[in-house]
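Trainee: this one's sequence-less:
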């Protein structure tokens, strides 16, 4: 009986050791899995950070500024649309004395047949200057009988801090919108010559932007 008891106690110790060994193995396996997972996650985080640092930041496309024309002789400047072309002259349009380059729309087309020079498509903008004894644009307008008779849509505006007059004109082959101002004995006329009302509606915003950018020295 004592032998049986010793055997039972021996088996109990062995079983206990086996349980401890198994628990140890389970614990080690769990710790190993946890460590492996932690290392993997750490490696993935490092890879993501490295990728983020290495990836170049896409550059925003640079906005191209509108060209600026400056007249040193007459002391003014203005911006004009990037897609429009600046030309010293347009065939059939007369001389360019006292006038800025002509800013031509991409679709500009002209003709000198029949009624003489006129636009058949598109528009062109330019600034002309001349001497005047008038003190203001309003005075110049009122003293010009031709303008009083044929000008339409007359309104008072401000350009470069100066009082100005804006009007439209449709006379024979000529269709214009003009903004005029007077300073220091010089009359400045900011013009857009256009083919028809549809063209005026299409390009009016371009004209208004040029007028808004007009600056006197």
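Mentor: Received the coordinates, thanks. Keep in mind that this is a model prediction, so the values were computed, not measured. Residues are numbered from 1 along each chain as shown.
Trainee: mind listing what residue 87 touches?
Mentor: Applying Cβ atoms under 8 Å, 6 or more residues apart in numbering to residue 87 gives the contacts 101, 102, 104. The C-beta positions use only the backbone N, C-alpha and C, and glycine is treated the same way.
Trainee: strands - which of these land there?
Mentor: 102, 104 (DSSP state E).
Trainee: how about TSV for the contacts of residue 87, with neighbour count, distance to residue 94 and pLDDT added?
Mentor: Output for those, formatted as TSV (neighbours: other Cβ atoms under 10 Å; distance: Cβ to Cβ, whole Å; pLDDT from 0 to 100):
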residue	neighbour count	distance to residue 94	pLDDT
101	17	14	94
102	21	11	95
104	20	15	96
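Trainee: helix or strand for residue 166, which one?
Mentor: strand 162-171 (DSSP states H and E).
Trainee: in three-state terms, label the nearest residue to residue 81 once chain neighbours are set aside for me.
Mentor: Distances taken as Cβ to Cβ, 6 or more residues apart in numbering put residue 206 closest to residue 81, at 5.3 Å, once the chain neighbours are dropped. On the three-state scheme (DSSP: H, G, I helix; E, B strand; the rest coil), residue 206 is labelled helix.
Trainee: ok, residue 206 to residue 134 distance?
Mentor: 28 Å (Cβ to Cβ, to the nearest Å).
Trainee: pLDDT at residue 31, what is it?
Mentor: Residue 31 is assigned a pLDDT of 52 by the prediction.
Trainee: now do residue 4
Mentor: At residue 4, pLDDT is 48.
Trainee: could you number the chain from 3 rather than 1 from now on?
Mentor: Okay, residue one is now 3; in that scheme the one you just asked about reads as residue 6.
Trainee: by how many degrees do the helix or strand hosting residue 191 and strand 164-173 diverge?
Mentor: Residue 191 is part of strand 188-196 when elements are defined by DSSP H and E. Angle of strand 188-196 versus strand 164-173, following axes from the mean of the first three to the mean of the last three Cα atoms, to 10 degrees, is 40 degrees.
Trainee: which helices and strands does strand 188-196 pack with?
Mentor: Judged by 3 or more Cβ pairs under 8 Å, 6 or more residues apart in numbering; DSSP states H and E, strand 188-196 is in contact with strand 125-133, strand 176-185, helix 199-215.
Trainee: against residue 151, how distant is the closest residue to residue 73 other than its chain neighbours?
Mentor: What sits nearest to residue 73 in space, not counting adjacent residues and going by Cβ to Cβ, 6+ apart, is residue 102, at 6.1 Å. From residue 102 across to residue 151, the span is 27 Å (Cβ to Cβ).
Trainee: these two: who's more crowded?
Mentor: It is residue 102, of residue 102 and residue 151, that has more neighbours when counted by other Cβ atoms under 10 Å, with 23 against 8.
Trainee: show me the domain layout of the protein.
Mentor: Here the domain parsing of the chain from automatic domain parsing is 3-57, 70-218.
Trainee: just name the most buried of these.
Mentor: Of the domains of the chain, the one with the most neighbours on average (mean count of other Cβ atoms under 10 Å) is domain 70-218, at a mean of 16.
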